[in-house]
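Enquirer: this one's sequence-less:
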């Protein structure tokens, strides 16, 4: 994934090291590639050539400053301090707030500030642009990069050997993604969300500047809560869409049959933003296509549809997809996004606007009208497979305790969403930048503190939609196949009946093609080419585990006994080990 990289060591660095050549590069892609060398350090960036004013690599006042991604509130800060350049702004904020300056920024970004005696490496509040790092305390050597492969290659350049993290491998085979700061390399960790990594006097430390919390709960009536949600969501939409206009870009938005992406385009239209193109992907004639198409037709949005029919997209560009996310998340979870974007020209478009995580933030992971501690139920809910869960259950429990999650919802947010669902972002950033108004920190902080009694079964979410954008509540909601203006109790009764019919259809084998936007089991049963190719990929790559007999056996078992998605978890692991040259 594009981003930043660096090596610093008290023992000195040999000249000519360039980790940017190990970053995934798209054919035909254009990039901002820079590096700087010092006696004991070399730093660089490998950034997609879009939103260039938000991406700096510049030496100012004896400090090397680098940012990648987008900073949504940069213009307001520049006006406030009466300056014109982003590097001056970063320097100004850094001089005022020290390493906590990152907390003042909004957007999806990462970067570093290197001075004579100190290096600060940072990501945004949610680590939506992650950074991985290796540190050797014997030589006081730090290697970091936005791409895991780049860190691994940097280790080899300096004489260190990366090894497969067995725990990380089992996370991938169970959850479909990593947990906590784990990666597939034993010696490499991820900078946690809301943290900066500081290298000073040869030592490293992590400093937390942000942590999402559920408490104290918001006080006020439902109407007051809805009014505040409306206000904060408008602010987020405005910041994201104005970033497009700042660069003269048109708007492009992912749109499905759900509520989250609908909220995005609805508020964009409400705030007067035009020239909107929507992209939708699903099985042809499934609800996602039908609902999105109707929304676009009625509201004069351009509409692009990428059909997922037969699942053939799941056997295209697998190596590129695994390279894009370092194999840290199952490739099948974002293959539709990558293959769709690869076919589009995004030259005239800005951010890809999404509704990422809106459902969780507004209550979909709540088990009731109050929060609960992390337990096996939420672990199973966030996992793609539980066939190997018992093999390392104690280690999972230890990690939950270590990160000290307040409740099950926050565990799901940090682990399932940040470590898993952000997989789609890894695909987008190969071509452009991304955003979601639900993840705009000022909105997120408020929404997650709304008491579960209001958010359970998305109660306040539905009232918000019906009150503030009623013209968009007339369209069906894919989750229920009913418009969300119906009473919640009626939708729940209807959904019980709908679920029973789906279960019956699955049992007798009818109407499976339209059981979801991506009916993977149907494709597996009906597409001979898909079966042939997936089986061949497995047989060709399983040998990478020849030195790990237990993991070999478990992977073989999961592939042969598991669902299609479980098979792709295994293939992701095998491809990642091969990509990273691990043993």
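Expert: Yep, it's here. Note that this is a predicted model, so its numbers are computed, not measured.
Enquirer: List the buried residues for the helix or strand harbouring residue 34?
Expert: Counting by DSSP states H and E, the element that carries residue 34 is strand 31-37. Going by neighbour count (16 or more other C-beta atoms under 10 Å), the buried part of strand 31-37 is 32-36. Every residue, glycine included, has its C-beta placed from N, CA and C.
Enquirer: tell me the domain ranges of the protein?
Expert: As given by automatic domain parsing, the domain ranges for the chain are 3-208, 222-485+505-523, 524-580.
Enquirer: Distance of the residue nearest the centre of the chain relative to residue 465?
Expert: The chain has residue 422 as the residue nearest its centroid, 1.2 Å off, counting by C-alpha atoms, centre = their mean. From residue 422 across to residue 465, the span is 25 Å (C-beta to C-beta, to the nearest Å).
Enquirer: and residue 371, what is it in contact with?
Expert: Residues in contact with residue 371 (C-beta atoms under 8 Å, 6 or more residues apart in numbering) are 214, 406-409, 452.
Enquirer: longest single helix anywhere in this protein?
Expert: Counting by DSSP state H, the longest helix found in the chain is helix 222-246.
Enquirer: helices and strands around that one, which ones?
Expert: With contacts taken as 3 or more C-beta pairs under 8 Å, 6 or more residues apart in numbering; DSSP states H and E, helix 222-246 sits against strand 250-254, helix 260-270, strand 349-353, helix 441-447, helix 459-468.
Enquirer: so how far is that helix from its chain's centroid?
Expert: Put simply, helix 222-246 sits 21 Å off its chain's centre (C-alpha atoms, centre = their mean, to the nearest Å).
Enquirer: Run the angle between that helix and helix 260-270 for me.
Expert: Using axes from the mean of the first three to the mean of the last three C-alpha atoms, to 10 degrees, the direction of helix 222-246 lies 70 degrees away from that of helix 260-270.
Enquirer: Helix 222-246: which residues count as buried?
Expert: By neighbour count on 16+ other C-beta under 10 Å, the buried set for helix 222-246 is 225-226, 228-230, 232-241, 243-244, 246.
Enquirer: just stretch 358-370 next, same as before
Expert: 358-367.
Enquirer: do the same with stretch 42-50
Expert: Quick answer for stretch 42-50 (16+ other C-beta under 10 Å): 42-48, 50.
Enquirer: now stretch 89-99
Expert: 89-94, 99.
Enquirer: How about residues contacting it?
Expert: Under C-beta under 8 Å, 6+ apart, the answer for stretch 89-99 is 56, 60-61, 63, 65, 67, 74, 77-78, 81, 83, 101, 103-105, 111, 113, 120, 122, 196, 198, 207, 209.
Enquirer: Check those for burial and list the buried ones.
Expert: Among the contacts of stretch 89-99, those classed as buried by 16+ other C-beta under 10 Å are 56, 63, 65, 67, 74, 77-78, 101, 103, 105, 111, 113, 120, 122, 196, 198, 209.
Enquirer: Quick check: residue 198 is in a helix.
Expert: No - counting by DSSP: H, G, I helix; E, B strand; the rest coil, residue 198 is not part of a helix but strand.
Enquirer: so the spatially closest residue to it that is not a sequence neighbour, which of the three states?
Expert: In this structure, residue 198 finds its nearest non-sequential neighbour in residue 205, 5.1 Å apart by C-beta to C-beta, 6 or more residues apart in numbering. Each residue gets one of three states, and residue 205 gets strand by three-state DSSP.
Enquirer: check contacts around residue 315.
Expert: By C-beta under 8 Å, 6+ apart, residue 315 lies in contact with 529-530, 533-534, 537.
Enquirer: what's the answer for residue 75, then?
Expert: By C-beta under 8 Å, 6+ apart, the contact list for residue 75 reads 242, 246.
Enquirer: Regarding it, what is its secondary structure?
Expert: Judged by three-state DSSP, the three-state class of residue 75 is helix.
Enquirer: Could you check how far it is from residue 82?
Expert: Distance of residue 75 to residue 82, computed by C-beta to C-beta: 13 Å.
Enquirer: How about residue 124?
Expert: Residue 124 sits 25 Å away from residue 82, going by C-beta to C-beta.
Enquirer: same question, residue 567
Expert: With C-beta to C-beta as the criterion, residue 567 and residue 82 are 58 Å apart.
Enquirer: Comparing these two, which residue is more hemmed in?
Expert: Neighbours of residue 567 and residue 82, each counted by other C-beta atoms under 10 Å, are more numerous for residue 567; the result is 24 against 6.
Enquirer: neighbours of the residue nearest to that one when sequence neighbours are not counted, just the number please.
Expert: Ranked by C-beta to C-beta, 6+ apart and with sequence neighbours excluded, the top spatial neighbour of residue 567 is residue 559, at 5.2 Å. The tally of other residues near residue 559 (other C-beta under 10 Å) stands at 22.
Enquirer: what's the answer for residue 27, then?
Expert: Neighbours of residue 27 (other C-beta under 10 Å): 6.
Enquirer: cool, and residue 372?
Expert: As a burial measure, residue 372 scores 14 neighbours (other C-beta under 10 Å).
Enquirer: what about it, which helix or strand?
Expert: Here residue 372 is assigned to no helix or strand, by DSSP H and E.
Enquirer: who touches it in this structure?
Expert: So residue 372 contacts 378, 407-408 (C-beta under 8 Å, 6+ apart).
Enquirer: Run through the protein and note the low-pLDDT ranges.
Expert: For the chain, the stretches flagged by pLDDT under 70 are 392-403, 504-511.
Enquirer: Quick check on the closest residue in space to residue 113 that isn't next to it in sequence: phi, psi?
Expert: Nearest-residue entry for residue 113: residue 120, 4.7 Å, with adjacent residues in sequence omitted and distances by C-beta to C-beta, 6+ apart. Main-chain torsions, residue 120, degrees, to the nearest 10: phi -120, psi 120.
Enquirer: roughly how far apart are residue 120 and residue 66?
Expert: 11 Å.
Enquirer: Pull up the overlap in contacts between these two.
Expert: 112-113.
Enquirer: returning to that earlier point: how about CSV for the buried residues of strand 31-37, with distance to residue 340 added?
Expert: Conversion of the buried residues of strand 31-37 to CSV gives the following (distance: C-beta to C-beta, whole Å):
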residue, distance to residue 340
32, 25
33, 26
34, 30
35, 33
36, 36
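Enquirer: In three-state terms, label residue 69 for me.
Expert: Reduced to three states by three-state DSSP, residue 69 is strand.
Enquirer: secondary structure element for residue 427?
Expert: Residue 427 belongs to helix 423-428 when elements are defined using DSSP H and E.
Enquirer: Quick one: residues in contact with that helix.
Expert: Helix 423-428 is contacted by residues 1, 108, 128-129, 177, 321, 324-325, 329-330, 333-334, 337-338, 341, 352, 354, 356, 434 when judged by C-beta under 8 Å, 6+ apart.
Enquirer: one more time with 6 Å
Expert: Here helix 423-428 makes contact (C-beta atoms under 6 Å, 6 or more residues apart in numbering) with 1, 128, 324-325, 329, 333-334, 337-338, 352, 434.
Enquirer: what do you get for stretch 513-524?
Expert: Contacts for stretch 513-524 (C-beta under 6 Å, 6+ apart): 282, 286, 288, 308, 310-311, 512, 530, 564-565.
Enquirer: Let's see which of the contacts of helix 423-428 end up in strands.
Expert: Among the contacts of helix 423-428, the members falling in strands (DSSP state E) are 352, 434.
Enquirer: Can you add distance to residue 390 and give the contacts of helix 423-428 back as CSV?
Expert: Listed next are the contacts of helix 423-428 as CSV, based on distance: C-beta to C-beta, whole Å:
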residue, distance to residue 390
1, 33
128, 32
324, 32
325, 27
329, 23
333, 24
334, 28
337, 33
338, 33
352, 39
434, 36
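Enquirer: So which of the contacts of helix 423-428 are in helices?
Expert: Counting by DSSP H, the part of these found in helices is 324-325, 337-338.
Enquirer: What are the neighbouring residues in contact with residue 376?
Expert: Contacts of residue 376 by C-beta under 6 Å, 6+ apart: none found.
Enquirer: And for residue 172?
Expert: Residues near residue 172 by C-beta under 6 Å, 6+ apart: residue 573.
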